[in-house]
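# 3D model of this:
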Amino acid sequence: MERIKRMALFATVVDKGSMVAAAEVLGMTPSAVSQQIRKLEQSTQVSLLHRTTRKLTLTEAGASFYQSCAQILALAQQAEQRLAELRDAPVGELRIAAPVGFSGRLLTDALAPLLRAHPGLKLRLFFHDEQIDLIEQRIDLAIRVGPQEDSSLVARHLGDWPMLLCVAPSYLARCGLVTSPEQLSGLDWLSLQGTGQNQVSLHGPAGQVQRLRLDSRVACNNILSVRQFTLAGMGISLQPQPEIQAELASGQLLVLLPDWQPSPAGIYIVTPRRDAQPAKVRYAIEALRHSLQPR
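Got it, this is the predicted structure:
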């Protein structure tokens with residue numbers, strides 16, 4: 001590493017034409033620059049410069065060596081410039097993981113304006129309801145739902161989404177009127193596998209809390225599949241309100257027991273680290289924060 005530093009210093013001396021000029025650029029004293037050149041010549045066992053009181057002249061070996069040193073210096077400058085670009089502007093490939101329920105308009109509405117504003121930015125999306133290893137998959141940030149217990153990751157709480165007990169009109173026509181939480185145990189329960197949805201807490205209008213353990217007739221590892229079974233009239237399920245606005249508006253889904261509210265779902269942006277975030281991650285976090293926060 002020291003030799004590489006001295007090679008860059010040597011190229012600067014040649015470019016500037018003197019030890020004094022190079023020292024000003026490098027923030028060193030001329031004697032310190034001269035000392036580093038001597039150490040480089042000692043380590044290579046080759047004379048690189050002819051020194052006179054008036055000027056410096058490259059030896060034949062020095063002229064040949066300079067070409068390689070100049071290339072190293074240019075590559076180093078390019079690397080620094082690239083890091084500055086990544087730090088200051090959203091460029092490069094942005095890799096985001098999210099639950100499959102976000103694969104519709106939720107992420108598109110948040111990230112499409114960012115892509116339009118920054119042509120140098122590429123986006124790679126990975127949709128999984130199971131949590132994936134962010135480091136192994138080189139994920140820049142992930143959107144996650146529910147409590148975050150991995151202390152090695154940085155979780156930013158965006159807010160809490162209302163969860164709704166949903167049912168299709170066709171299923172409600174078969175099972176009859178549902179007026180109390182106790183009736184839920186006799187109905188067909190559709191759940192998202194591995195999320196603890198079999199244990200449901202309902203908060204009533206007078207501060208009552210009803211905790212139920214429901215056996216799933218259908219359990220899926222994909223929220224969209226749970227939603228499709230619900231739409232098909234196969235039972236009831238918990239659904240995040242922002243993801244089903246269209247189905248509620250069209251009447252394809254109805255809210256069961258509207259006076260009894262399930263516990264909300266916490267929405268988090270998770271990153272492998274907090275400090276030294278490149279611009280693409282900072283800009284994406286801000287766009288997602290603005291779009292996904294409950295209103």
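# Where does the prediction get shaky in the protein?
Along the chain, segments meeting pLDDT under 70 span 1, 52-54, 80-88, 194-197, 274-276, 294-295.
# how's the chain carved up into domains?
Per automatic domain parsing, the structural domains of the chain span 2-88, 92-161+266-292, 163-263.
# Would you mind giving the ones you listed as CSV with mean neighbour count added?
(Glycine included, C-beta is placed from N, CA and C.) Shown next, in CSV, are the domains of the chain (neighbours: other CB atoms under 10 Å):
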stretch, mean neighbour count
domain 2-88, 15
domain 92-161+266-292, 16
domain 163-263, 16
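# Tell me who's in contact with residue 95.
Residue 95 makes contacts with 124, 126, 137, 138, 139, 140, as judged by CB atoms under 8 Å, 6 or more residues apart in numbering.
# from the middle of its chain, how far away would the one helix or strand it maps to be?
Here residue 95 sits within strand 92-98, counting by DSSP states H and E. Chain-centre distance of strand 92-98: 6 Å, with CA atoms, centre = their mean, to the nearest Å.
# what's the helix or strand just after that strand in contact with?
As assigned by DSSP H and E, the chain's next helix or strand after strand 92-98 is helix 105-117. Contact with helix 105-117 is made by 90, 96, 98, 121, 123, 125, 143, 242-243, 283-284, 287-288, 290-292, as judged by CB under 8 Å, 6+ apart.
# now with 7 Å?
The contact list for helix 105-117 (CB atoms under 7 Å, 6 or more residues apart in numbering) reads 90, 98, 121, 123, 125, 242-243, 283-284, 287-288, 291-292.
# Could you provide those in a markdown table, with additional columns for secondary structure?
Below are the contacts of helix 105-117 laid out as a markdown table (DSSP: H, G, I helix; E, B strand; the rest coil):
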| residue | secondary structure |
| --- | --- |
| 90 | coil |
| 98 | strand |
| 121 | strand |
| 123 | strand |
| 125 | strand |
| 242 | helix |
| 243 | helix |
| 283 | helix |
| 284 | helix |
| 287 | helix |
| 288 | helix |
| 291 | helix |
| 292 | helix |
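# I appreciate the help and will end here.
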